[in-house]
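>>> All I have is the shape, not the residue letters:
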């Protein structure tokens with residue numbers, strides 16, 4: 001429809017990641033300015049995604065998208081479970097938690113390297 005949006009409007013719609021305070025403590029200890037990480041997540045059984053903006057506090061802005069999945073585990077789940085009965089079980093929940101830790105580790109590494 002030809003609409004244009006100003007710089008930052010979409011970013012303002014994203015939420016600050018909840019653990020950014022801990023990351024900024026590490027950055028301060030290294031003499032770095034605070035970082036801003038705003039993102040939107042998505043979750044399915046054996047699949048997670050996180051996309052957003054990382055701003056290291058020096059005027060630069062980095063877009064990122066992280067997608068983590070286990071195609072084999074998802075295919076096995078799809079073959080074994082009727083769609084109507086599918087819900088997150090303990091094994092799937094443990095996988096999702098590990099994937100979220102990977103997302104956090106990646107963003108922390110990037111933010112500390114900038």
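Looks like it came in fine. Keep in mind that this is a model prediction, so the values were computed, not measured.
>>> Can you get me a residue count around residue 103?
19 (other Cβ atoms under 10 Å). Yep, even glycine has a C-beta here, placed from its N, CA and C like the rest.
>>> my read: it touches residue 64, true?
No - in terms of Cβ atoms under 8 Å, residue 103 does not count as a neighbour of residue 64; the distance is 9.6 Å.
>>> Helices along the protein, start to end?
With DSSP state H as the criterion, the chain has helices at 9-13, 20-29, 71-80, 90-113.
>>> and of those, who's closest to residue 54?
Residue 54 sits nearest to helix 90-113 of all these, at 6.2 Å, using Cβ to Cβ.
>>> How far off centre is the lowest-mean-pLDDT helix or strand in the chain?
Here the helix or strand of the chain ranked lowest by mean pLDDT, DSSP states H and E is helix 9-13, holding a mean of 74. Chain-centre distance of helix 9-13: 16 Å, with Cα atoms, centre = their mean, to the nearest Å.
>>> Show me what it is packed up against.
Other helices and strands packing on helix 9-13, by 3 or more Cβ pairs under 8 Å, 6 or more residues apart in numbering; DSSP states H and E, are absent; none qualifies.
>>> mind redoing it with 10 Å?
Helix 9-13 sits against strand 36-44, strand 47-55, with contacts defined as 3 or more Cβ pairs under 10 Å, 6 or more residues apart in numbering; DSSP states H and E.
>>> Deepest-packed of those strands, please.
strand 47-55 (a mean of 19; mean count of other Cβ atoms under 10 Å).
>>> and that one, average pLDDT?
Per-region confidence: strand 47-55 scores 92 on mean pLDDT.
>>> Adjacent strands (with direction) for that strand?
strand 36-44 (antiparallel), strand 62-69 (antiparallel) (DSSP bridges).
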